[in-house]
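**Q** Build me a model:
(chains A and B)
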There are 2 protein chains.
Amino acid sequence: MPKTTMQTAALAPDQLGLMDRYWRASNYLSVGQIYLHDNPLLTRPLVLADIKRILLGHWGTTPGQNFIYVHLNRIIKQYDLSMIYISGPGHGGPAVVANTYLEGSYSEIYPDISQDTVGLQKLFKQFSFPGGIPSHASPECPGSIHEGGELGYSLSHAFGAVFDNPELIAACVVGDGEAETGPLATAWHSNKFLNPNTDGVVLPILHLNGYKIANPTVLARISHQELEQLFRGYGWHPIFVEGSDPDYMHKAMATALDFAVREIKAIKLNAQENRVFERPRWPMIILKSPKGWTGPKIVDGVQIEGTFHAHQVPISNPESKPEHLPLIEEWLRSYRPQELFDSLGRLLPELAELAPKGERRMGANPHANGGLLLKSLQMPDFRDYACAVPKHGVRGVGDTHVLGPFVRDVIKLNQENFRVFGPDETISNGLEAVFETTNRQWEATTKINDEYLAPNGRVMEMLSEHQCQGWLEGYLLTGRHGLFNCYEAFIHIVDSMFNQHAKWLKVTAGLSWRPKIASLNYLLASHVWRQDHNGFTHQDPGFIDHVVNKKAEIVRVYLPPDANCLLSVMDHCLRSKHYVNVVIAGKHPAPQWLDMDAAVKHCAAGIGIWDWASNDTELSNHAETDIVMACCGDVPTLETLAAVSILRKHLPTLNIRVVNVVDLMKLQPQTEHPHGLNDAEFDLLFTENKPVIFAFHAYPSLIHKLTYRRTNHRNIHVRGYKEEGTITTAFDMTVLNDMDRFHLVIDVIDRLPQTGVKGVELKRMLSEKLIEHRQYINQYGVDMPEIRDWKWSDKDE
Amino acid sequence: MPKTTMQTAALAPDQLGLMDRYWRASNYLSVGQIYLHDNPLLTRPLVLADIKRILLGHWGTTPGQNFIYVHLNRIIKQYDLSMIYISGPGHGGPAVVANTYLEGSYSEIYPDISQDTVGLQKLFKQFSFPGGIPSHASPECPGSIHEGGELGYSLSHAFGAVFDNPELIAACVVGDGEAETGPLATAWHSNKFLNPNTDGVVLPILHLNGYKIANPTVLARISHQELEQLFRGYGWHPIFVEGSDPDYMHKAMATALDFAVREIKAIKLNAQENRVFERPRWPMIILKSPKGWTGPKIVDGVQIEGTFHAHQVPISNPESKPEHLPLIEEWLRSYRPQELFDSLGRLLPELAELAPKGERRMGANPHANGGLLLKSLQMPDFRDYACAVPKHGVRGVGDTHVLGPFVRDVIKLNQENFRVFGPDETISNGLEAVFETTNRQWEATTKINDEYLAPNGRVMEMLSEHQCQGWLEGYLLTGRHGLFNCYEAFIHIVDSMFNQHAKWLKVTAGLSWRPKIASLNYLLASHVWRQDHNGFTHQDPGFIDHVVNKKAEIVRVYLPPDANCLLSVMDHCLRSKHYVNVVIAGKHPAPQWLDMDAAVKHCAAGIGIWDWASNDTELSNHAETDIVMACCGDVPTLETLAAVSILRKHLPTLNIRVVNVVDLMKLQPQTEHPHGLNDAEFDLLFTENKPVIFAFHAYPSLIHKLTYRRTNHRNIHVRGYKEEGTITTAFDMTVLNDMDRFHLVIDVIDRLPQTGVKGVELKRMLSEKLIEHRQYINQYGVDMPEIRDWKWSDKDE
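**A** Residues are numbered from 1 along each chain as shown, chains lettered A, B, ... in the order given. The predicted structure follows:
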């Protein structure tokens, strides 16, 4: 006996009948997409040649999503709602394609897929067909901001979409399979971060169809009581719609949605009228319907509808099983296409009338095509936030602390379309200045000693990198801007989400109807070299290895060596579109190298010789360079310059060139990455045949991966993180990984036999220094004074 | 007014007093670890020189965990329990170190840290000190199987630990910070997968201390009712212990734990006696206590205890704030060390008596040092599962389908210490044969059409890669064996968990008291080239890029080209210890190249020339090789051999050498990886100067990264996945990424000018073939017959 928590209302019988026909139309189109190569309206008996040769696609989730879509259409029209549709379950493609086609938004974007028989045939053929469209709610599908290829992020995306969109409702269908994933399981708590006045609404529809690929789902196999407790515990008001009889279910769903809309409106009104704040219990729907609903009941003696066997293609190819052909025809005809489409293949007018109009159609809502709504950020002049660098090497306060006021003012100037996301680390990462102008948005209880919590704020913090990433993606995809600050090691938690977003950007870059969106900007502070009190588990600089595997058109990686460079880089990133920008910066006090003018110039070039630190230039116009000391990243830059100091003092006749890299992709050939230097430019910097000692922020092999085609590659010797670490000082970290100043000098000597006896002597001395360092730090827990007090001096001083 | 769900029982006052003193002792040791460089027992007034120069560590979570530990000690003794302790909150290091020291297990392993004043001083100094120990429950800490450096996996680890350990209880402290992570949020559902007869028990203790680094926690800021509903909804029976008064709290905690033990025993008994199955509601504790409990109340005018300010070091260094010195002393003395330790620094006997004895001590429970319990698997002879390869290139049934019966029999022979984990993909990945002998373990409701679900089974499937990984890690760390099968693209979901496990293996490899554990084995079927019906979102072969950044001693990567090689490789992996093995294999019907004898030989070498596919050998003993065709992975091997066919037919005078790579790390220099070939061996295979066309399973740059130091590196031209894909055939995928047979032949011609006019002509023909292919597949959705029907012929046929 199906249950709902309320009585079904009297929906006008004719409307119910029309909606049922509309649902049948979308189901028919869905089955057609999976099976039909031709004969789209079954105007003649089905023959084998009408069937696709390879049957791919997923039926299981589809009829339920079609059911939801038609019901959402009704409330959109009835209450004039601005709503987008997020298809969480994997493989909901047939449903969203069918529905956007029926409402007309599909053909507006793809005129070739016209609303007639010819268009229908193309619509069917392209699905799950080489060169066609995938079986998910892919970027090619109008109205989609969520692919569903990788499960777990629908609800985070939905919340991201409605932040700062107070009029928007994101209807989010959550599959009971994806509900088992970690990211989805914590995303239900997003309701503690949603402001009923300034944000929109997420209406989750948990679709309990009971099965995954080959297993039942957990949430479908716990008691009704547990299920209800779980979602009440998550802070929602669950409304149950359960059953399989279409007639009953239409009424129940309509009643539930009417109730949900009333609740939503009441919450919104209450929030506007009452200044007393209490976190609302937003409504959600729990829709329990059979997997593969309305599909074949039994095929080859196996029950299909209502079991996991309905997951993919329920009736296999009649090419090898001729008896399947009539089953397919029977199934298709069960939707009575002649009652749905006219002889030209057009949806009958009384049905077409059910869909919302214009931008109210979920396939045409501009929020689901964020580039349409994107406004450039109002940017303060980053030069105004410069730190003074009267001489090279002055001690700074920590680079991200300098960035903080700039981000603060970006927030101040863009109160409605810029947010900062981070897993409880915004202060820890050095951006404390943002709290001078804003707060963390927080809708749960507050207490007297809390800091910077408010119902409305521009900083979103929850201890879930998945949530930060998912919210931000949803925010960007709906046309806004943002910044994700994170510990470097733990950004790997969202490796896979990054993958999917980068893939989305790659595909949408090729869709002219989707204008570009703002870049996804990562600020990775608290990086591998400065985990002084966290140690080995917090040391992993490999995210950039992961990132550079994605399309060169999409990814950018920056390692500013100091605060002014960080400002310049971040200004660039926040203005950019359709990239993923990874910026790695330090938060601890560290030497500053470039004043703002020099920083701007250096960052614009992305890579360059630091003349002031080199002594090859003055000697003979570069011709006599003995050694190139390259560096990328703040700590490697410090150690490189310290090594240069030692060399200048002890081997003063050496001609040293210092090259600093801000824009990592400069190293790749221009044929591989749009930022890449051409070979002549690269050779000018790195020479064609001199040894290069390269101190790198991350794993050394990445530099080889980027430069292996370069003329001088075999002379490039890279030092970087080699997975050695513990709780210790930054300098000791470089020692453990052979990237400290002493090792770098030894590397130089090893490559320059001409340093002769002096070199041998220096090497011996530095080896002793390393022993001395180990003894000192083991005893005192801090670096030797000569390390702590070391300062750069320009050669002319 | 604090609440508990039951009356506090009368705990004998003297025992309560003793327990409170024991708690004070562990708190004292915790504060000592954070602050003291000397004067460990405060036998003289504290002076600045007694304080560490750099104060690192985390106080916030520590006193609560100390409280829990002393109470668990009591029930262990009282009920003679076998229990391990999992410290979920980050930075619980001071607590577990203090408690294992007090119970004596610490000094047994580290005799240098003796149970006297000298040992105490060393214990204090080493904490968060360069070369010392981290602030987490790190591998160096006895009793730990869970680091806590990266949050979210404690509960999965706990469940993994108790599978097949029916006598074991894993007490798992879950921080309210980590409880916000996705993986933890779904891990509560693990109770649907635990068998009360054949598995042990997880006793979660949700530690609601209310704060993260700088924020309150979500679960601490929802109503009591919501909190209780949430955990009842998750299927647990929550028992609340709330308050701050030690006296009250000791009683409440003791009562709650007594109740929990009674419930656990009743559930166990009921499961044994009654054959009627109903999923039990296991007890859990919700402990609400102040963050930084018993620590300083107010410092510098800021409230510390009970706020997020207690997270790290509550009283900053007196070096710069002399007024802090007396505060620190006052805090330390508040625990009255003279009532806890004798004048020699030994815990007083009446307190030492409270700890369990021998292996009942949580720091000495062998389950937390899995290598001690590890039994080698009983292995069937993998040769018995060989598929017949009467000639090279016969069509197989899909490599993982051949592997399936072998895995089935590994299960059959190892019913108590081997499990298979996967996110609902074990059948999809081709291992259906395992269900001939076992089931999926599933404790929730079942229905008539379910397949292979049972309360007891060797396959663990939940749609959460995090859970699969976390369970498996817990299972391995407690001395058992396992296999994780997963779609290749989505293994990135656990990138970060892999990182932490690899780091754990690296550190424990250096701890002689921790014997090696079984390897973590990944089988990545459903790989990048065969996503015919899933498309672009399911295509990412980058996990191996991620893996090879970790220590070479730990990681192994295998790409068997066919089923017999897969059997040989998997046999090797399952027998191995202390590695992470990544095996990538296909599941679709594909050509088979090697019979079992050849496969064994090839896999033992890891790389080799396939003489039967080459035609340089017979001509002139390798000297005249014109071109090396290298391949790694099943699809690249197929395309390479197809390209060789074309070359042999059209350019018969070319001397071609085919090299196949199974063990990817063979490519790295032996100085970088223990499997690496030395340069002479490498040159013998790849020549010193001939062009190499390398078809690779994953991103091409990985091959360059591994081989950049090799003599012939600049002649190695790699084809692989370059992030192009959609729903299409495997062959078309290779075309989209320029790795198909036609492109490979064109690559050869481009590098061999001596192919002259014939080469030019062939290139033209193949370019036309590519156009023809595109037209054909766009029309029919399948490959051209000449692709579908292509078969390898040995040259002597």
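**Q** The spatially closest residue to residue A:541 that is not a sequence neighbour and residue A:776, how far apart?
**A** Leaving aside its chain neighbours, residue A:541 sits nearest to residue A:698 (3.6 Å; criterion: Cβ to Cβ, 6 or more residues apart in numbering or on different chains). Bear in mind the C-beta positions are built from the backbone N, C-alpha and C, glycine included. Distance from residue A:698 to residue A:776, counting by Cβ to Cβ, to the nearest Å: 28 Å.
**Q** How about residue A:64?
**A** For residue A:64, the distance to residue A:776 - Cβ to Cβ - is 67 Å.
**Q** Which one's more surrounded, these two?
**A** residue A:64 (27 against 18; other Cβ atoms under 10 Å in any protein chain shown).
**Q** is it fair to say the more buried one lies in a strand?
**A** No. Checked against DSSP: H, G, I helix; E, B strand; the rest coil, residue A:64 lies outside a strand; its state is helix.
**Q** is it true that it touches residue A:294?
**A** No. Contact criterion Cβ atoms under 8 Å: residue A:64 and residue A:294 do not qualify, at 9.7 Å.
**Q** what's around the closest residue to chain B within the stretch 451-600 of chain A, how many residues?
**A** Closest to chain B within the stretch 451-600 of chain A is residue A:537: 2.5 Å, counting by Cβ to the nearest Cβ. By other Cβ under 10 Å, the residues close to residue A:537 number 23.
**Q** Grab the nearest non-local neighbour of it.
**A** Per Cβ to Cβ, 6+ apart, closest to residue A:537 is residue B:149, 2.5 Å.
**Q** Compute the number of surrounding residues for the closest residue to residue A:548 other than its chain neighbours.
**A** Excluding the flanking residues, the one nearest residue A:548 by Cβ to Cβ, 6+ apart is residue A:555, at 6.2 Å. Neighbour count for residue A:555, taken as other Cβ under 10 Å: 25.
**Q** go on, residue A:724?
**A** 14.
**Q** Quick one, grab the pLDDT at the residue of the stretch 451-600 of chain A closest to chain B.
**A** Note for residue A:537: predicted pLDDT of 93.
**Q** contacting residues for it?
**A** Applying Cβ atoms under 8 Å, 6 or more residues apart in numbering or on different chains to residue A:537 gives the contacts A:489, B:134, B:136, B:138, B:147, B:149-150, B:500, B:503.
**Q** and the residues you listed as CSV, adding pLDDT and neighbour count?
**A** Compiled in CSV, the contacts of residue A:537 are given as follows (pLDDT from 0 to 100; neighbours: other Cβ atoms under 10 Å in any protein chain shown):
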residue, pLDDT, neighbour count
A:489, 96, 27
B:134, 90, 28
B:136, 91, 29
B:138, 94, 25
B:147, 89, 27
B:149, 90, 26
B:150, 94, 25
B:500, 97, 23
B:503, 96, 26
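**Q** Walk me through the domains of chain A.
**A** A:13-368, A:382-584, A:607-788 (automatic domain parsing).
**Q** circling back: thought residue A:723 was touching the residue nearest to residue A:541, still the case?
**A** No. With contacts defined as Cβ under 8 Å, residue A:698 does not count as touching residue A:723, sitting 11.1 Å away.
**Q** More neighbours: which of the two?
**A** residue A:698 (26 against 23).
**Q** Show me the longest helix that occurs in chain A.
**A** Counting by DSSP state H, the longest helix found in chain A is helix A:246-273.
**Q** Which elements pack onto that helix?
**A** The helices and strands touching helix A:246-273, judged by 3 or more Cβ pairs under 8 Å, 6 or more residues apart in numbering or on different chains; DSSP states H and E, are helix A:13-35, helix A:62-79, strand A:201-208, strand A:237-242, strand A:283-288.
**Q** Extract the CA atoms of the second one and return them as CSV.
**A** Meaning helix A:62-79. Below are the C-alpha coordinates for helix A:62-79, written out as CSV (Å, rounded to 0.1, in the frame of the first residue of the first chain):
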residue,chain,number,x,y,z
THR,A,62,14.5,7.7,-17.2
PRO,A,63,10.7,7.3,-16.7
GLY,A,64,10.9,8.6,-13.2
GLN,A,65,12.8,11.7,-14.3
ASN,A,66,10.3,12.2,-17.1
PHE,A,67,7.5,12.0,-14.5
ILE,A,68,9.2,14.6,-12.4
TYR,A,69,9.9,16.9,-15.3
VAL,A,70,6.3,17.1,-16.4
HIS,A,71,5.2,17.8,-12.9
LEU,A,72,7.8,20.5,-12.4
ASN,A,73,6.5,22.0,-15.7
ARG,A,74,3.1,22.3,-14.1
ILE,A,75,4.2,24.1,-11.0
ILE,A,76,6.5,26.4,-13.0
LYS,A,77,3.5,27.5,-15.0
GLN,A,78,1.0,27.5,-12.2
TYR,A,79,3.2,29.6,-9.8
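**Q** Quick one: mean pLDDT over that helix.
**A** 97.
**Q** which residues are contacting the helix or strand following it?
**A** Per DSSP states H and E, the first helix or strand lying C-terminal to helix A:62-79 is strand A:82-87. Residues from elsewhere that reach strand A:82-87 (Cβ under 8 Å, 6+ apart): A:65, A:69, A:72, A:75-76, A:95-96, A:136-137, A:143-146, A:148, A:154, A:157-158, A:161, A:167-173, A:359-360, A:362, A:365, A:367-368.
**Q** can you rerun that using 7 Å?
**A** Here strand A:82-87 makes contact (Cβ atoms under 7 Å, 6 or more residues apart in numbering or on different chains) with A:65, A:69, A:72, A:76, A:95-96, A:137, A:143, A:145-146, A:148, A:154, A:157-158, A:161, A:167-173, A:360, A:362, A:365, A:367-368.
**Q** Now, of those residues, which are buried?
**A** With burial judged by 16 or more other Cβ atoms under 10 Å in any protein chain shown, the buried subset of the contacts of strand A:82-87 is A:65, A:69, A:72, A:76, A:95-96, A:137, A:143, A:145-146, A:148, A:154, A:157-158, A:161, A:168-173, A:360, A:362, A:365, A:367-368.
**Q** Sitting in helices, which of these do you find?
**A** A:65, A:69, A:72, A:76, A:95-96, A:154, A:157-158, A:161.
**Q** Out of those, which comes closest to chain B?
**A** Using Cβ to the nearest Cβ, those come closest to chain B at residue A:154, 13.0 Å.
**Q** Check the closest one and give its pLDDT.
**A** Taking residue A:154 on its own, its pLDDT is 98.
**Q** returning to that earlier point: may I see the domains of chain A arranged in CSV, with distance to residue B:376 as well?
**A** Listed next are the domains of chain A as CSV, based on distance: least, Cβ to Cβ, whole Å:
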stretch, distance to residue B:376
domain A:13-368, 31
domain A:382-584, 30
domain A:607-788, 29
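**Q** of these, which approaches residue B:728 most closely?
**A** Minimum separation from residue B:728 across the domains of chain A (Cβ to Cβ) falls at domain A:13-368, 3.9 Å.
**Q** Tell me the first helix or strand C-terminal of the helix or strand of chain A with the lowest mean pLDDT.
**A** Of all helical and strand segments in chain A, the minimum by mean pLDDT, DSSP states H and E falls on helix A:617-620, at a mean of 56. Scanning forward in sequence from helix A:617-620 by DSSP H and E, the next helix or strand is strand A:627-632.
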